[in-house]
Each structure stands twice: as C-alpha cells, then as structure tokens.
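Novice: have a look at this prediction, sequence included:
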Amino acid sequence: MAVAEPPRTSGDVALADLLDRALGKGLVLWGEAVISVAGVDLVYVGLKVLVASTDTAERMRRAGTSDPTRSVALRDG
Amino acid sequence: MTEGTIPDLIGAFQDGRVALDPEKVEQGLAKLVLMLVETLRQLIEKQAIRRVEGGSLSDEEIERLGLTLMRLEEKMAELRAVFGLDEADLTLRLDLPIETL
Amino acid sequence: MLYAYAVTDDPGPEGGAPLPRSGILPELGVERIRESGVAVIASPVPAGLLDAEAIAERINDPEWARERVLAHQAVVTALLGTAAVLPLKFGTLFSGTAALRATIETRRTALAEALDQVRGAREWGVQLFVRQPPQAAPHAAAGRAGPGAGAAFFQRKREARAAEQAAAAALDRLAADSHARLARRARAAVMNRPQPAAVHRRPGEMVLNGAYLVAEQDEAAWREDLAALEREAPETGADYALTGPWAPYNFTGGALGAGAGGGVGSG
C-alpha cells in the first residue's frame, strides 16, 4: 500500500494543478435551485493574475456562458 | 538569462518612473526592439521557405532570396552579440501558434 | 445559503468521519446533509456573506480568491480516505437546504453511479517534462559565401525543420506511451492539456499532463509502473512529476444536468 501523501499546497506548480482541478474540473450541479458563484466568471477575473492557464480560462469562460439554466439560477437568489 | 516576457522588460516602468540606471533602461529597450525584429525575421523566413517549396520561384530567385535571408540571419546574430543576448532571450512568449503562420 | 464542497457516501445518521472545523471562509463551519442515499458536505453561509455583491467587492483581490480556492480544496482533501468523494467544482452555492435536497434527489441515480466509479480509488497526477538538448549552432554554416550559398540556406532550413519534426514526433510518442502504460493499471485515465511554461515554470516543456484513478489495492503496482518509466527515461532531459493524491476531480462524470440519467465515463 502506497504511503499517503497530502497534495502539496505551496509552490507555484501545485497551485496551478489545484486551480486546474477545482476551477476546471469537478462535479457540476447545474439546476434551477443552484446559484453558481456569480461564479466561475467573477472568480476568474480575480484569478487571472495568478495563473495564465489558457485552457482553464477557456473552460471557465465556456462554463460561465454556455449553460442555459444559469441566468435562471442567478435570479433565484 | 531572464524570461523574455514583455512585462519583465517594462518592469522598470511599473512605478510610472523610468529606472534611474540609464544602462538598464537601454538594455531593456534594446532587448524589446530586438525581440520584435527577431519575430519579424522569423515570419519573413517562414514565408520565404513556403514560397520556395511552393515551386514557383526560379533558381536565380531562390539564390537571391536565400542570400538575403542568410545575411539577415547573420546581422541578427551580430546585433545579439552586441547586447549579449542569445536566441532564447529573444523568444517572444506569446503562446500564439506562430509556427503555423 | 449553502456552499457545497463535495458529494459523498451516506454514512448513516450517527456515522461519518469528523468534518473539518472551518470551510471556505474561516468563520464558517462544515456540515453533512444526508439526502437520497448520499451526503453533501456544505457550509451554511449567512445572508450577504457570499452573495453576488460581496463577491464582486472582493473578487479583484487575487489573495482573497486564492484563499477561497485553497480553503475549498482543504475541505475536499480532508474527506479523502473516509468515503467515496465526488468533489464539486469550486463555487457551488445553493439558496438553501430545500434547493440542495431537491437538486440531489433529482440526480440520485447518476450520483450513486458516480460514487461507485470512484469508491476505493484515488486520483494521481503525472506530468512529464522534457528539456531539449541545446541545438547545434545553426549558424555554423553561415558566412560560407560563394555560388549556391542561397540555395544552401534553404537546404539547411529544411534539414533543421525535419529534425525538429522528428524530435516533436518522438516527444508525442513518449507522452502517449507513458500515458498508455500508466492507464493500464488505473480504473480510469485522462490526458489533459499540458500547461504552458508560464504556468508550470519548470525547466523544459510539459508534454504529458495525465490524471489516473487508481484503486487503492493497485496503488503499489501502479507506482512501480511509474518507477519503471522513470528508469527508462532518457538519461538527460525527461522528468516525471507525480502529484497527489487528489480527490477525483477528473473522474466525477462532469456535469449532471437536470434529469440526467447517469452515464459516468472516464472523465
């Protein structure tokens, strides 16, 4: 059995890996009752200075604009 | 050597003031100019190569074009030497598909 | 309002490992909400703390944003090893418990399947960095004037490009072979786009950015596969980097839209 190692949380490389996962991957629960953190778009605005990952940016942009339930969700709040 | 990113080069200007060391300023500007010139040179070279391989040029035209590009390449090497920069220093990191242009 | 971090197995009314003490904001606690056979790990958020206005105010502060993402990750990581975990994408807010329960209830089949896919396994990342050997001085032949020098210039460029293409093809093969070897003992595997140099800031170029879902009983053997790759890597210029263990961000099945029936793929 491999020794458990906590993911490195310091250092630029680990941060980029973490951001790619938490912002670019992970389960997405869209639905009428969900308010997505004005989210991914606003978060990106703040994080663009942290990571220049064009792929994450691309996916976040798409995630922020392509879901038809999103605008409904925001009004739900 | 340092990464050749434009923000690095204009770092001296971030405070809104020019760096006090005139040599550093000159070096930064020279590097920026040479980076742009080198990018152009590479584009021109790639264009020329495509034309040559397209088969529409005569042997004489190819010879002249080749000599011109060769001299351009040599001049660039001389300029780099004057400022103590190597090829890697002048690579413009844009993450653009320049190779496909 | 509820900020949700992950969906896990339902440990029962009294069960479940202790939850982290603080959440996305240090003053928020972390709770477990049991619904339709699963559990959602979430923090109740007082009104106004994380609404659109509050976020808009703080969002241009990269420090604040980074702290939030790290806090999200810390909660998710704390759940590893205690149960099957489906990490949620950062930034999932529900208007309240009712909304959360309704969302979960609608998707219970797909969620159960997604949990089955990841149970007993952990995600590992493997990146391959390659440093190119310094190119032979391209100007060695320059300056040789005389007849045919112009044509020779183009010949030289042709040869250089052929060499570059061969080198690039070799790198692609190395990345693909490495991925295939690492995927063999994994339950699932994905190749993500390599990060640009400005992001990874390591020497060399990232040519593989893989994620592998490995069952815990296969971990030792899988690590040995990686070790074998490292031993076989060319002596100079190729470095494998292992990251993890991660919660299975790459293997949650992606988006579960309203009424989605399931169909969890390999990410």
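Specialist: Everything's here; your move.

Novice: is it true that residue A:17 touches residue C:125?
Specialist: Yes: Residue A:17 is within contact range of residue C:125, at 6.1 Å (criterion: CB atoms under 8 Å). Glycine gets a C-beta too; all of them are placed from N, C-alpha and C.

Novice: who's more crowded, these two?
Specialist: The residue with more neighbours, out of residue A:17 and residue C:125, is residue A:17; 26 against 22, by other CB atoms under 10 Å in any protein chain shown.

Novice: so what's the nearest residue to that one once chain neighbours are set aside bridging to?
Specialist: Distances taken as CB to CB, 6 or more residues apart in numbering or on different chains place residue C:243 nearest to residue A:17, at 5.3 Å, with adjacent residues excluded. Beta-bridge partners recorded for residue C:243 (DSSP bridges): residue C:125.

Novice: give me the distance between residue C:243 and residue A:23.
Specialist: For residue C:243, the distance to residue A:23 equals 16 Å [CB to CB, to the nearest Å].

Novice: give me the more crowded residue out of those two.
Specialist: residue A:23 (26 against 19).

Novice: any idea which helix or strand in chain C has the lowest mean pLDDT?
Specialist: The weakest-scoring helix or strand in chain C, judged by mean pLDDT, DSSP states H and E, is helix C:52-58 (a mean of 69).

Novice: and residue C:182, what is it in contact with?
Specialist: Listed by CB atoms under 8 Å, 6 or more residues apart in numbering or on different chains, the contact set of residue C:182 reads C:126, C:189, C:210, C:212, C:222, C:225, C:226, C:229.

Novice: quick one, what contacts the second one?
Specialist: For residue C:189, the contacting residues are C:179, C:182, C:183, C:210, C:211, C:212, C:213, C:266, by CB under 8 Å, 6+ apart.

Novice: now it: how far from chain B?
Specialist: 26 Å (CB to the nearest CB, to the nearest Å).

Novice: again, but for the fifth one
Specialist: In this structure, residue C:222 and chain B are 33 Å apart, going by CB to the nearest CB.

Novice: and for residue C:245?
Specialist: Applying CB to the nearest CB to residue C:245 and chain B gives a distance of 30 Å.

Novice: and if you look at residue C:218?
Specialist: Using CB to the nearest CB, residue C:218 is found at 37 Å from chain B.

Novice: what does residue C:249 give?
Specialist: Remark: distance between residue C:249 and chain B (CB to the nearest CB) = 24 Å.

Novice: wait, that residue touches residue A:23, no?
Specialist: No: assessed by CB under 8 Å, residue C:249 is found out of contact with residue A:23, at 9.7 Å.

Novice: got a list of what residue B:76 touches?
Specialist: B:34, B:37, B:38, B:41.

Novice: spell out the secondary structure type for it.
Specialist: Secondary structure, DSSP: H, G, I helix; E, B strand; the rest coil: residue B:76 is helix.

Novice: how about residue C:190?
Specialist: Secondary structure, three-state DSSP: residue C:190 is strand.

Novice: would you confirm that it contacts residue C:210?
Specialist: Yes: using CB under 8 Å, residue C:190 is in contact with residue C:210, at 6.9 Å.

Novice: end to end on stretch C:233-249, go ahead and measure it.
Specialist: The first and last residues of stretch C:233-249 sit 28 Å apart, counting by CA to CA, to the nearest Å.

Novice: show the pLDDT at the residue of chain B found nearest chain C.
Specialist: Chain C sits closest to residue B:66 of chain B, with a gap of 2.7 Å, by CB to the nearest CB. If you check residue B:66, the pLDDT there is 94.

Novice: who's in contact with it?
Specialist: Going by CB under 8 Å, 6+ apart, residue B:66 touches B:52, C:149, C:150, C:151, C:152, C:153, C:154.

Novice: name the helix or strand for it, please.
Specialist: For residue B:66, the element it lies in under DSSP states H and E is helix B:59-83.

Novice: which parts of that helix are buried?
Specialist: By neighbour count with 16 or more other CB atoms under 10 Å in any protein chain shown, helix B:59-83 contains the buried residues B:62-63, B:65-67, B:69-70, B:72-73, B:76-77, B:79-80.

Novice: could you measure the residue of chain B closest to chain C against residue C:161, distance?
Specialist: Computed as CB to CB, the residue B:66 to residue C:161 distance reads 15 Å.

Novice: same deal with residue C:210?
Specialist: For residue C:210, the distance to residue C:161 - CB to CB - is 29 Å.

Novice: compare those two (neighbour count), which wins?
Specialist: Each of residue C:210 and residue C:161 has its neighbours counted (other CB under 10 Å); residue C:210 has more, 22 against 13.
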